[in-house]
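Chemist: the following block contains a protein sequence and its predicted model.
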Amino acid sequence: MELSGKVAVVTGASRGIGAATAQELARRGAHVVITGRTEGGLEETDDAIRTAGGTATLLPLDLRDGAALDLLGPSILERFGRLDILVSNAASPGTLTPVPHILPPDWDEVVGVNLTAAWRLIRTCGPLLIAAAAGRAVFVTSAIVLRPTAYWGAYGATKAGLHHLVQCWAAETRITRLRVNLADPGPVATRLRRSAFPGEDPSNLPIPADIAPGIADLCGPAETRHGETIRITPAAA
């Protein structure tokens, strides 16, 4: 129960890595504010957390809604008086297509969820995390940043932008108690992965529950790394 008494926010917590990470943080004692667009999925995550003896608050939220996202930090402060952990996990792959064929609505969706939302999360949650005794922020990324791949232009561009944004924030907060890192889970059997690689055998991939402990470790008070990109090793390995 190393996270007992702490408050965490996890985005994209209605399924996949976000849901598994929220459950792991709750198992370690944190009260988890779970956000996502799918209310039914959030309810399933909440049920799993409560069944295991943890606590959570559901917050249906579309990360493209800038005004609503800007209120996240003040709302958490008003309700809980603190925020210790942020896991920015939600992502949109968009439509996999050649760069000249990317449609404006698809571009807006991917940039809004993968990059603009991260900037707004930093703005709204950053002051609370810096004020915490051991604030921790983890942004889930992808190795595609280092390996630009055909048809992944929008997704890869936003993840590259996320890297730069987060590492700049890490440099700006180096002398604070806050620790900011990027987490690369590698290939994981998620719905996003299945939609991108429909012919792939998911039985050969780790599942989200294998990845969650490694992400949760980055949220603990003992974590000292800052401004790094950390490849998550599956717990089952």
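Modeler: Sure, I can see it. Residues are numbered from 1 along each chain as shown.

Chemist: and the next helix or strand past the longest helix along the chain?
Modeler: In terms of residue count, the longest helix belonging to the chain (DSSP state H) is helix 153-172. For helix 153-172, the following helix or strand on the C-terminal side (DSSP states H and E) is strand 179-184.

Chemist: where does this structure have low pLDDT?
Modeler: 196, 236-237 (pLDDT under 70).

Chemist: so how far is residue 193 from the residue of the chain most remote from its centre?
Modeler: Farthest-out residue of the chain from its mean C-alpha position, per C-alpha atoms, centre = their mean: residue 100, at 29.0 Å. Relative to residue 193, residue 100 is positioned 26 Å away (C-beta to C-beta, to the nearest Å). (Glycine included, C-beta is placed from N, CA and C.)

Chemist: what do you get for residue 182?
Modeler: In this view, residue 182 and residue 193 are 19 Å apart by C-beta to C-beta.

Chemist: which one's more surrounded, those two?
Modeler: Counted by other C-beta atoms under 10 Å, residue 182 and residue 193 do not tie: residue 182 has more neighbours, with 24 against 16.

Chemist: which residue ranges of the chain form strands?
Modeler: 7-10, 31-36, 55-60, 85-88, 136-140, 179-184, 229-231 (DSSP state E).

Chemist: export the ones you listed to TSV and tack on distance to residue 171?
Modeler: Formatted as TSV, those follow (distance: least, C-beta to C-beta, whole Å):
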stretch	distance to residue 171
strand 7-10	23
strand 31-36	27
strand 55-60	30
strand 85-88	18
strand 136-140	14
strand 179-184	9
strand 229-231	14
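
Chemist: before we move on, the earlier item: what sits up against the longest helix of the chain?
Modeler: Outside helix 153-172, the residues that touch it by C-beta atoms under 8 Å, 6 or more residues apart in numbering are 91-96, 98-99, 102, 106-107, 110-111, 114-115, 118-119, 122, 126, 139, 141-142, 144-145, 148-149, 180-182, 226-227, 229.

Chemist: of the residues you listed, grab the buried ones for ChimeraX.
Modeler: Only the buried entries of those go into this ChimeraX selection, using 16 or more other C-beta atoms under 10 Å:
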select :91,92,93,94,95,96,102,106,107,110,111,114,115,118,119,122,126,139,141,142,145,180,181,182,227,229
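
Chemist: mind listing what the residue nearest in space to the middle of the chain touches?
Modeler: Centroid-nearest residue in the chain, with C-alpha atoms, centre = their mean: residue 89, separated by 1.8 Å. Taking C-beta under 8 Å, 6+ apart, we find residue 89 in contact with 10, 11, 12, 13, 17, 18, 21, 140.
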